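**Student:** How does the following fold in three dimensions:
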Amino acid sequence: MLGKLPVVCAVLLISVAAVADEWLRSIPEFELRDHLGAVHTMDQYMDNEFVVFYAQGVGCPIARIALPNYREVRDEYASKNIGFLMFNSNIQDSMTRIAKEADEFGIDFPIIKDESQALAKALGVERTAEVFIVNPRTRKVLYRGPINDQLGYETQRNNASEHYLKDALDTVLTGAKVDMNNIPDSKGCLIAIFDT
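**Tutor:** Residues are numbered from 1 along each chain as shown. Alright, predicted model coming up:
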């Protein structure tokens, strides 16, 4: 029995690694327009060290409340050559609605419209307010998860005690790998992904 234990442990480790690999995907090339009319492609970010993508949704209270946290991270890492933007994959959110939301809530990030949901499908997006750190040269997703632990369903702390996105950025900037086993699922509004 004890002789089988190392084999079982090895199988479990391989299973965990496979799940992590499936969880962290690659971002495809895209050509998508933002709410201000500018066209964005992945190639435009090749000179950035990393790019952070935020899943946005019109009317989602969690996505709205998390916005200052996202802005704070952007401002803190302004000198690190990291790109920050948002994308909206909700079928029901038109460019007009996205632009109105951006104006009403002072969203000063480009919000690219993922009309076909190709970006969301490639990344495995399920909820708004989830963030992704991408290496623009390899297209690999190095982190996905919440910005911090301030927001939950029907809960909100005054201050975050865990800063997942900042910690992940610090990690990847040193060339190390983020340990995704310690990252909880993101809290946000469900994004309905449609098969075509």
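
**Student:** Now do the contacts for the residue nearest the centre of the chain.
**Tutor:** Among the residues of the chain, the one closest to the centroid is Val131, at 1.9 Å (CA atoms, centre = their mean). Residues in contact with Val131 (CB atoms under 8 Å, 6 or more residues apart in numbering) are 52-55, 70, 143-147, 165, 186. Every C-beta, even on glycine, is put in place using the N, C-alpha and C of the backbone.

**Student:** what about Val172, distance to Arg139?
**Tutor:** 14 Å (CB to CB, to the nearest Å).

**Student:** quick one: which of those two has more around it?
**Tutor:** Val172 (19 against 14; other CB atoms under 10 Å).

**Student:** in this structure, which spans are helices?
**Tutor:** 5-23, 61-76, 95-104, 118-123, 164-173 (DSSP state H).

**Student:** returning to what we had before: which residues does the residue nearest to the centre of the chain bridge with?
**Tutor:** On the basis of DSSP bridges, Val131 is bridged to Tyr54, Gly145.

**Student:** From here on, call the first residue 107.
**Tutor:** Done: numbering now begins at 107, and the last item shifts to Val237.

**Student:** I'd like to know how far it sits from Ser292.
**Tutor:** 8 Å.

**Student:** Over to Tyr270?
**Tutor:** Relative to Ser292, and taking CB to CB, Tyr270 is found at 9 Å.

**Student:** which neighbours do these two share?
**Tutor:** The contact lists of Tyr270 and Ser292 share 251-252, where a contact means CB under 8 Å, 6+ apart.

**Student:** coming back round to it: which neighbours do Val237 and Ser292 have in common?
**Tutor:** Shared contacts of Val237 and Ser292, counting by CB under 8 Å, 6+ apart, come down to 250-252.

**Student:** Buried ones from those residues, can you make that a PyMOL selection?
**Tutor:** In PyMOL, this line selects whichever of these come out buried by 16 or more other CB atoms under 10 Å:
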select buried, resi 250+251+252
